[in-house]
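In: I would like the atomic coordinates for the input below:
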Amino acid sequence: MKVTALGEVIERLERDLGLASNELAQALGVSPTTLARWRADETYPQHKARQALSQLLELSRHLQETFTTPEDTVTWLHAASRYLGGLAPVDAIRVGRFDRVEAALEALDSGIFV
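Out: Down below sits the predicted model:
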């Protein structure tokens with residue numbers, strides 16, 4: 001099993017989800033300073049943030065399974081979704097509603113193009 005540094009995980013999430021550092025921090029419910037400390041391996045996420053990070057990593061994995069290219073993923077994340085009431089999936093991610101994005105992805109995977 002490959003162990004990846006937390007900083008690498010954070011950079012990958014920012015890249016794969018098309019989020020700025022402050023947006024990722026907001027999604028995880030932490031300050032940008034805290035995220036910077038994680039990136040530098042100075043501190044480690046505590047329980048709630050660790051759980052949110054795990055959920056976001058799982059969502060990122062699901063996105064990679066659903067879309068063929070990173071560009072397709074970012075395009076879908078930033079497009080308004082009727083399934084999400086006109087919000088873009090990235091907007092739901094920014095406020096920590098990973099479950100809503102996961103549900104929209106599951107609908108898409110099932111062939112529901114609402």
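
In: what about the strands in this structure?
Out: With DSSP state E, there are no strands along the chain.

In: and the residue nearest the centre of it, how far from Ala88?
Out: Central residue of the chain (Cα atoms, centre = their mean): Leu56, 4.4 Å from the mean position. Per Cβ to Cβ, to the nearest Å, Leu56 is found 16 Å from Ala88. Backbone N, C-alpha and C define where each C-beta goes, glycine included.

In: cool, Ala20 as well?
Out: Here Ala20 is placed at a distance of 15 Å from Ala88 (Cβ to Cβ).

In: quick one: list the elements packing against the longest helix seen in the chain.
Out: Determined from DSSP state H, the single longest helix within the chain is helix 47-66. Helix 47-66 sits against helix 6-17, helix 21-28, helix 70-78, helix 98-109, with contacts defined as 3 or more Cβ pairs under 8 Å, 6 or more residues apart in numbering; DSSP states H and E.

In: just those: most buried one?
Out: Of the helices and strands packed on helix 47-66, the one with the most neighbours on average (mean count of other Cβ atoms under 10 Å) is helix 21-28, at a mean of 19.

In: what does that helix contact?
Out: Helix 21-28 has contacts (Cβ atoms under 8 Å, 6 or more residues apart in numbering) with 10, 13-14, 17, 19, 31-32, 34-36, 45, 49, 52-53, 56, 90, 93-96, 98.
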